[in-house]
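[1] got a predicted structure here, sequence first:
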Amino acid sequence: MALPIHILLLYGYLLLFAWVLIEQLGVPMPATPVLLAAGALSAGGQLSLPIALLAALTATLTADSSWFFFGRRYGHYVLRLLCRLSMEPTTCVRRTQESFGRRRGFMLMFAKFVPGLGLLAPPVAGQNGMRYFSFLFFDGIGATLWVSVILAIGRFCGDAIKRDPGLLHWIGRSSGVLLLLAVAGFLVARILRRRSVLKKLAAARLDPLDLKRQLDAGEQVYIVDLRHPLELLPEPYTLPGAVHFSPESLAARHNEIPRDRDIVLYCTCPSEATAAKTALTLHKLGIARVRPLRGGYDEWKRLGFPMDAIPLVTAIQPAE
């Protein structure tokens, strides 16, 4: 914590605002050490705890509001971008959409405490038609809770240091090493996980041109649309003959899936993540001829291939 404390003493609330804003915009610069340092400094009177709370809260709501309006305008393209920055790119889109569909206000109040979810919640809220003032109310509660908890922990540490100044020397010696080890471990784990998923995905993907040739030749292909119901609202179209399943229901009803033809899965996730994960699950259930579609729905649409209109989208309707 020694480095954040030193920087905060030099630049104060402006640095706190900028650091939190940058992190909440998606740049991987953890704001937690800076917020902890601000809380610790408030114990000695170097910073005001209410002003620190206001600066961090303003930065958080500014970033979240920006992502809210970006999500309203650009939809799942924003989610795909943010998922590349998320700690769990293979599950973040669907997990956020499902949480939002079930309990939107509750999710916004506690999203900041869930890795990856806090970054995605604002654009999902914008994409799915939530009113801005409702979003601001619930997101404001969540941001206040998140900032307050971290500042309070920092304040507790600051009080402990005041009672025993020797703790500051110990923290100064060990915090840098612990921080570097944590960052290195996080990066290595993320790289290894992504490499493993991408390797399995590359071996199984089906090119849209190959699928188009199969359909034109009259081959029997079982196509599964894995998109979340919320994604069908702005674009109520699907690939020719596709059936819609959630990944969970598809795995639970795997006995209904034909074994005598190719099973093609598609979604709109980065690197076909949901389709790849579902394909691996079905493989474990004994279904060998299952493949994710390269580029998913977006690539099929970009190539201008035919699609079927969905006459009635039975999706989760946004509540006012």
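    The structure has been received and is ready for your questions.

[2] quick one: the strands in the stretch 101-250 of the chain, in order.
    Along the stretch 101-250 of the chain, the stretches classed as strands by DSSP state E, counting those that start in this stretch are 221-225, 237-238, 243-244.

[3] most packed of the ones you listed?
    The highest mean neighbour count among the strands of the stretch 101-250 of the chain, using mean count of other Cβ atoms under 10 Å, belongs to strand 221-225: a mean of 21. (Glycine included, C-beta is placed from N, CA and C.)

[4] show me the helices in the protein, by range?
    Using DSSP state H, the helices assigned to the chain run over residues 2-24, 32-43, 49-74, 76-85, 92-110, 117-127, 132-163, 166-204, 208-216, 229-232, 247-252, 273-284, 296-302.

[5] any idea how far the nearest residue to residue 122 once chain neighbours are set aside is from residue 12?
    Nearest residue to residue 122, sequence neighbours excluded (Cβ to Cβ, 6 or more residues apart in numbering): residue 67, at 3.9 Å. As judged by Cβ to Cβ, to the nearest Å, residue 67 and residue 12 stand 26 Å apart.

[6] which one's more surrounded, the two?
    residue 67 (23 against 18; other Cβ atoms under 10 Å).

[7] my guess is the more buried one meets residue 78, correct?
    Yes. Taking contacts as Cβ atoms under 8 Å, residue 67 lies within contact range of residue 78: 7.1 Å.

[8] overlap of the contact sets of these two?
    Residues touching both residue 67 and residue 78 (Cβ atoms under 8 Å, 6 or more residues apart in numbering) are residue 123.

[9] quick revisit: dump the strands of the stretch 101-250 of the chain to JSON lines, plus mean pLDDT.
    JSON lines is the format used below for those (pLDDT from 0 to 100):
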{"stretch": "strand 221-225", "mean pLDDT": "93"}
{"stretch": "strand 237-238", "mean pLDDT": "90"}
{"stretch": "strand 243-244", "mean pLDDT": "90"}
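
[10] dump these to TSV, plus distance to residue 124.
    Shown next, in TSV, are the strands of the stretch 101-250 of the chain (distance: least, Cβ to Cβ, whole Å):
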stretch	distance to residue 124
strand 221-225	19
strand 237-238	21
strand 243-244	20
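
[11] looking at those, which is closest to residue 308?
    Closest to residue 308 of the strands of the stretch 101-250 of the chain is strand 237-238 (Cβ to Cβ; 5.5 Å).

[12] and for the residue nearest to residue 135 when sequence neighbours are not counted, the neighbour number?
    For residue 135, ignoring the flanking residues on the chain, the nearest one in space by Cβ to Cβ, 6+ apart is residue 125 at 4.9 Å. Residue 125 has 30 neighbours, counted by other Cβ under 10 Å.

[13] what sits against residue 125?
    By Cβ under 8 Å, 6+ apart, the contact list for residue 125 reads 68, 71, 100, 104, 108, 135, 139.

[14] so the last one makes contact with residue 61?
    Yes. With the criterion set as Cβ under 8 Å, residue 139 and residue 61 qualify as a contacting pair; they are 6.8 Å apart.
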